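Participant: Need the 3D shape of this:
(2 chains)
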Amino acid sequence: KQEVTQIPAALSVPEGENLVLNCSFTDSAIYNLQWFRQDPGKGLTSLLLIQSSQREQTSGRLNASLDKSSGRSTLYIAASQPGDSATYLCAVREWGGGSEKLVFGKGTKLTVNP
Amino acid sequence: DGGITQSPKYLFRKEGQNVTLSCEQNLNHDAMYWYRQDPGQGLRLIYYSQIVNDFQKGDIAEGYSVSREKKESFPLTVTSAQKNPTAFYLCASSIDRTGYGYTFGSGTRLTVV
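Facilitator: Numbering: from 1, shown residues only, chains lettered A, B, ... in the order given. Here you go, the predicted structure:
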């Protein structure tokens, strides 16, 4: 059974710092990996999608990498801002139990202090 | 703009009542999903549908029911059999091809009173 783990569970940094969020998964047979942002009481906003054949994706100050063989992904946030404060979730899309599905980690709650 | 609309944003249920959460998408996506989110836990899949008039149970389907009569709509009913329904419910959709990502709605917070 696929399990997705995110470390750390919470992170507090000063504004301007570069930071890395970690995601690991137990079964490397995935189609893709997606990073989401969730603000309190809100839905999920997709940040980056990495296909299983790709190594990384970039969008603005965000860079996500994928090492499928080792079951790891990282989300790098450059020059963090208070507006980046949110919970970041990673999810892998896989085939399991006769259907494709998205399996989520529990998230990393990020606080960027002014 | 294309997207997913969930309504209502907040919903209160009395003990023994059934309530229905709405999810509508105009993205022309084939597949739709319902997830439940509890504090400190990851999202858990309730039901999903990959085509109209067909749907499958997810990991925590007990006490819930769905229908998929139109491509755009995937309502979720929380029945009285669901003993702990207080949670945040998220609807999502995707093009039914595995290389694509998911799009989520803004969620419905259900509280039992």
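
Participant: Report the rounded mean pLDDT for the strand or helix carrying B:Arg36.
Facilitator: Using DSSP states H and E, the secondary-structure element containing B:Arg36 is strand B:31-37. For strand B:31-37, mean pLDDT is 95.

Participant: Any idea how many residues pack against residue 37?
Facilitator: All of this refers to chain A. 19 (other Cβ atoms under 10 Å in any protein chain shown). Every residue, glycine included, has its C-beta placed from N, CA and C.

Participant: That was the other one, I meant chain B.
Facilitator: Neighbour number of B:Gln37 under other Cβ under 10 Å is 21.

Participant: Is it correct that it is in contact with B:Phe88?
Facilitator: Yes. Counting by Cβ atoms under 8 Å, B:Gln37 touches B:Phe88, with 4.4 Å between them.

Participant: Identify the contacts common to these two.
Facilitator: B:Gly107 (Cβ atoms under 8 Å, 6 or more residues apart in numbering or on different chains).

Participant: Who are the packing partners of the strand holding B:Arg36?
Facilitator: Applying 3 or more Cβ pairs under 8 Å, 6 or more residues apart in numbering or on different chains; DSSP states H and E, we find strand B:31-37 packed against strand B:19-25, strand B:44-51, strand B:87-94.

Participant: Which residues of chain A lie near chain B?
Facilitator: Counting by Cβ under 8 Å from any Cβ of the partner chain, the positions of chain A adjacent to chain B are A:4, A:31-32, A:34, A:36, A:41-46, A:49, A:51, A:89, A:91, A:93, A:95, A:99-107.

Participant: Okay, and which of those map to strands?
Facilitator: Counting by DSSP state E, the part of these found in strands is A:4, A:31-32, A:34, A:36, A:44-46, A:49, A:51, A:89, A:91, A:93, A:95, A:99-104.

Participant: Off-centre distance for the strand holding B:Arg36?
Facilitator: Its chain's C-alpha centre and that of strand B:31-37 lie 4 Å apart, by Cα atoms, centre = their mean, to the nearest Å.

Participant: strand partners of that strand, parallel vs antiparallel please.
Facilitator: Strand pairing for strand B:31-37, using DSSP bridges, gives strand B:44-51 (antiparallel), strand B:87-94 (antiparallel).

Participant: Who does the helix or strand following the last one pair with, and is each partner parallel or antiparallel?
Facilitator: Counting by DSSP H and E, the element after strand B:87-94 in chain order, helix or strand, is strand B:103-104. Using DSSP bridges, strand B:103-104 pairs in its sheet with strand B:87-94 (antiparallel).

Participant: Let me know the angle separating the partner strand from strand A:99-104.
Facilitator: Going by axes from the mean of the first three to the mean of the last three Cα atoms, to 10 degrees, strand B:87-94 is angled at 130 degrees with respect to strand A:99-104.

Participant: Could you tell me the angle between strand B:87-94 and strand A:44-51?
Facilitator: For strand B:87-94 against strand A:44-51, the angle by the same axes, to 10 degrees is 40 degrees.

Participant: so how far is strand B:87-94 from its chain's centroid?
Facilitator: 5 Å.

Participant: Same question for stretch A:45-53.
Facilitator: In terms of Cα atoms, centre = their mean, the gap separating the centre of stretch A:45-53 from the centre of its chain is 9 Å.

Participant: List the buried residues of it.
Facilitator: A:47-52 (16 or more other Cβ atoms under 10 Å in any protein chain shown).

Participant: Let me know the closest of those residues to chain B.
Facilitator: A:Leu49 (4.2 Å; Cβ to the nearest Cβ).
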